[in-house]
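**Q** Give me a model of this one.
(4 chains)
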There are 2 protein chains.
Amino acid sequence: LVQRNSFRLGRNVDAMPISIYDIAKIAGVSPSTVSRALEDHPRIGAETKKRIQDLAREMGYIPSTAARSLATRKTWTIGMVLASISDPFMGRVIEGVEQVAIEAGFNVFISTSQNDRQREIDVIEMLQKRRVDGIIVLASHLFDRSSWFYDRSKVPLVVINEQHPGKNMHFVAVDDIHGTRLAVEHLISLGHRRIGYVSIPNRPKSNQFRFKGYQEALTAAALPLDPTLIFTPHTIEDHAQVGAASLEPLLASGATAVFCYNDTAAIGLLTACYKNGISVPENLSVIGFDDIDMAAYTLPALTTIRQPRFELGQRAMHMMLALLEGEEPENQTLAGQLVVRQTTTPFLDQKQLESAG
Amino acid sequence: LVQRNSFRLGRNVDAMPISIYDIAKIAGVSPSTVSRALEDHPRIGAETKKRIQDLAREMGYIPSTAARSLATRKTWTIGMVLASISDPFMGRVIEGVEQVAIEAGFNVFISTSQNDRQREIDVIEMLQKRRVDGIIVLASHLFDRSSWFYDRSKVPLVVINEQHPGKNMHFVAVDDIHGTRLAVEHLISLGHRRIGYVSIPNRPKSNQFRFKGYQEALTAAALPLDPTLIFTPHTIEDHAQVGAASLEPLLASGATAVFCYNDTAAIGLLTACYKNGISVPENLSVIGFDDIDMAAYTLPALTTIRQPRFELGQRAMHMMLALLEGEEPENQTLAGQLVVRQTTTPFLDQKQLESAG
DNA sequence: GCTCTATGCGCAACCGATTGCCCAATATCA
DNA sequence: TGATATTGGGCAATCGGTTGCGCATAGAGC
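**A** Now for the predicted structure:
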């Protein structure tokens, strides 16, 4: 073992990164001393420590994460799996996760499933190979039916926006039911009685919850649930297209207001209204969900339910940190918030119009 | 060395992942045989091979990337550094990179600088510690002045959308000058003579190129360059806000059309127009740059210059693969494409209106 | 002057893979 | 039948770090 790493003496210096062995050789100390000196270990003399640290800097030493995590069995990286990275919803959540992670010394390995179950499984396997310390999941497609793949996870798991993803699973989510009730009750309070619901196909569980919120709100107001007011696309398409496609059937069934599963769908609906000469909100009130960045810039500006996206990410990562500390954090359900902008307005029926005129 | 890993016999099976040593012990072979069997090495007998592979599967073996890359000096990961992940421009580019990367067996480690120079430097250091095989940079803030940090990169480097980032640096970029000329010439061909330019503060180099394209188009049409038509925000704000803020000064200087640095700024401008009763495109033509997903859904739909974002990512990764093969790929400059939608229309001045009436 | 305890550092095993080389057993060939 | 390939695997070094323990040297206590 004396010869260990000794071949390095004759190696191509440019081709290989500096290791602690290189530093040790030049400093005339042992590799373990270098390691400890760089870690600021108390057992190393102040003078030696400084000498080595300076030398390391001069030599441009960059420690190898692979070697370190092999020895310590900790990678200081959190895997994050999400459905799509171009979804305008994701960005802020990721930023929230990253911010907390960085502060705690972790890095986040983001990987996308492109809304494909197999890809999601591959992604998880990749993260396991990399021995990430924890996994944060957002918009998974594996909870829809069986979540067996996550159940067996050896590492801490935090799920975002998936209420009760499974027993013993930790999550932080915005309350879909409550948020949707907020939205629909807002419309009802404006006098709307025929309220459409636009669902999207590829987030079934979340869609179910929002639909439940929709039902609850109607029931609470003693309004009937009219199936013709529910728009469910048969083919999986772009969310904006779903929204656009919903206009005609919804109008046909006499909707005066519509709740869209998310802002993207609402934007699609807005566009369709514009093209068809339906003015929003005069002829139709529209409300979305999420409050993505663009929501404030639609014409008219979109009324929606805000999800605290950044906070969602922060909390998820904090929960992860707690889990890594061996604690048993409480699951968190956050409330969405109604953001009233320009796409909703009171409904005036004929009688009202006449008496007003 | 005989005792190597032997403590594993008494270890807590649940707490530690399975290693090839565990498999070797149970299969009654040496670790090297396990390694070779799993790699489908020809020197291992077909029978032994199958036995080991099955056993590995049963035991739930998941190879450690860290150990593997320590030994092979290859991590099969490409680092990607970008300014912000919530920028609507980024998503598709990342998807392009990832698609090609996955096919080639690589994973992409995405990390953001949040538009902060120091953070970008930290990110690069992190990637170097992780010994990524290559780095792809998008929207860097380090090329603005000195790119020394990237110059010294030991690993292949590909820069996206940064024309001539530095000597010996490889890049794939959409031609800013050409793209902007396309846009401005479109406006000129519609009869516009007073064309505004909205610049944004935090992409100085790219903004310079686009401005140059703007100038060239004007010069080619023998139009004067009026400084009052150039809007440059003093404080760094949200791009949409920049667009919104540009309306008043631009209108004051008699602009009948305006080119915005990007779609986000254009959307901000559209919103400001709406609020101020300026109808687009009748009173003001607006053109953006990028063709982000939302561009097709603004009201009216935004005319813009499309950047082939997905392709940009694909090409960058292909270039990276070539670099990793030791090849010397050519830099690539892609052309943007004019996408005419609803925010631009011919300019009719007083005389024309009269003769038309 | 002689133990006793810090102080400072080295030894070597270990993390979990890969791989050049050696060697035994069997197959092939003359 | 003896020599030579061929086949199938094992040994042990190696990647680049971390860490328990041992061992000098030196100052402290009496």
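
**Q** Could I get the full set of strands for chain A?
**A** In chain A, the strands defined using DSSP state E lie at A:77-82, A:107-112, A:134-138, A:157-160, A:170-174, A:195-198, A:230-231, A:257-260, A:285-287, A:304-306, A:332-334, A:337-339.

**Q** before we move on, could you check phi and psi at A:His41?
**A** The phi/psi pair for A:His41 (degrees, to the nearest 10) reads phi -70, psi 140.

**Q** Can you check the pLDDT for it?
**A** The score at A:His41 is 92. That number is its pLDDT.

**Q** what's the closest of the strands of chain A to B:Gly213?
**A** Evaluated over the strands of chain A, closeness to B:Gly213 peaks at strand A:107-112, with 33.7 Å, by C-beta to C-beta. Quick note: C-beta positions are derived from backbone N, CA and C, even for glycine.

**Q** circling back to that earlier point, closest to DNA strand C out of the strands of chain A?
**A** Taking C-beta to the nearest atom of the strand, strand A:77-82 is the member of the strands of chain A nearest to DNA strand C, at 15.9 Å.

**Q** How far does the closest one sit from its chain's centre?
**A** 10 Å (C-alpha atoms, centre = their mean, to the nearest Å).

**Q** tell me what that strand is packed against?
**A** Secondary-structure packing of strand A:77-82 (3 or more C-beta pairs under 8 Å, 6 or more residues apart in numbering or on different chains; DSSP states H and E): helix A:90-103, strand A:107-112, helix A:117-129, strand A:134-138.

**Q** JSON lines for the ones you listed, including mean pLDDT and mean neighbour count?
**A** Formatted as JSON lines, the entries for the helices and strands packed on strand A:77-82 read as follows, by pLDDT from 0 to 100; neighbours: other C-beta atoms under 10 Å in any protein chain shown:
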{"stretch": "helix A:90-103", "mean pLDDT": "97", "mean neighbour count": "22"}
{"stretch": "strand A:107-112", "mean pLDDT": "97", "mean neighbour count": "24"}
{"stretch": "helix A:117-129", "mean pLDDT": "95", "mean neighbour count": "18"}
{"stretch": "strand A:134-138", "mean pLDDT": "96", "mean neighbour count": "25"}
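
**Q** got CSV for those, with distance to B:Leu302 too?
**A** Conversion of the helices and strands packed on strand A:77-82 to CSV gives the following (distance: least, C-beta to C-beta, whole Å):
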stretch, distance to B:Leu302
helix A:90-103, 20
strand A:107-112, 27
helix A:117-129, 32
strand A:134-138, 29
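
**Q** Format the ones you listed as a markdown table; extra columns: distance to DNA strand D.
**A** What follows is the helices and strands packed on strand A:77-82, written out as a markdown table (distance: least, C-beta to the nearest atom of the strand, whole Å):
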| stretch | distance to DNA strand D |
| --- | --- |
| helix A:90-103 | 19 |
| strand A:107-112 | 16 |
| helix A:117-129 | 16 |
| strand A:134-138 | 19 |
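
**Q** Which one, of those, ends up nearest to chain B?
**A** Shortest separation from chain B across these is recorded for helix A:90-103, at 2.8 Å, computed as C-beta to the nearest C-beta.

**Q** Residues contacting that closest one, please?
**A** Under the criterion C-beta atoms under 8 Å, 6 or more residues apart in numbering or on different chains, residues A:78, A:80, A:82, A:84, A:107-108, A:110, A:136, A:138-139, A:160, A:293, A:309-318, A:321, B:84-87, B:112, B:114 lie in contact with helix A:90-103.

**Q** Give me the distance between the two termini of stretch A:180-196.
**A** End-to-end distance for stretch A:180-196, by C-alpha to C-alpha, to the nearest Å: 12 Å.

**Q** Report the contact partners of the residue in the stretch 201-350 of chain A that DNA strand D sits nearest to.
**A** Using C-beta to the nearest atom of the strand, the point where the stretch 201-350 of chain A gets nearest to DNA strand D is A:Leu324, with a distance of 15.7 Å. Residues near A:Leu324 by C-beta under 8 Å, 6+ apart: A:133-134, A:156.

**Q** give me the low-pLDDT residue ranges for the stretch 1-150 of chain A?
**A** Judged by pLDDT under 70, the stretch 1-150 of chain A has its weakly predicted residues at A:1-15, A:146.

**Q** Contact residues of it facing DNA strand C?
**A** For the stretch 1-150 of chain A, the residues found near DNA strand C under the criterion C-beta under 7 Å from any atom of the strand are A:1-2, A:28-33, A:43-49, A:67, A:70-71, A:73.

**Q** Helices - which of those residues land there?
**A** Judged by DSSP state H, helices contain the following of those: A:31-33, A:46-49, A:67, A:70-71.

**Q** got a winner among these for most neighbours?
**A** When neighbours are taken as other C-beta atoms under 10 Å in any protein chain shown, the top entry among these is A:Thr33 (21 neighbours).

**Q** which residue sits closest to that one, ignoring its sequence neighbours?
**A** If you skip the residues right next to it in sequence, A:Thr33 has A:Ile44 as its closest partner in space, 6.3 Å away by C-beta to C-beta, 6 or more residues apart in numbering or on different chains.

**Q** measure that neighbour to B:Pro329 for me?
**A** Shown here: A:Ile44 relative to B:Pro329, a distance of 47 Å by C-beta to C-beta, to the nearest Å.

**Q** Looking at these two now, which is surrounded by more residues?
**A** Neighbour comparison, A:Ile44 and B:Pro329: the larger count goes to A:Ile44, with 20 against 17 (by other C-beta under 10 Å).

**Q** ok so, going back, and the contacts of A:Leu324 as a markdown table, adding distance to chain B?
**A** Converted to a markdown table, these look like this (distance: C-beta to the nearest C-beta, whole Å):
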| residue | distance to chain B |
| --- | --- |
| A:Asp133 | 12 |
| A:Gly134 | 15 |
| A:Pro156 | 14 |
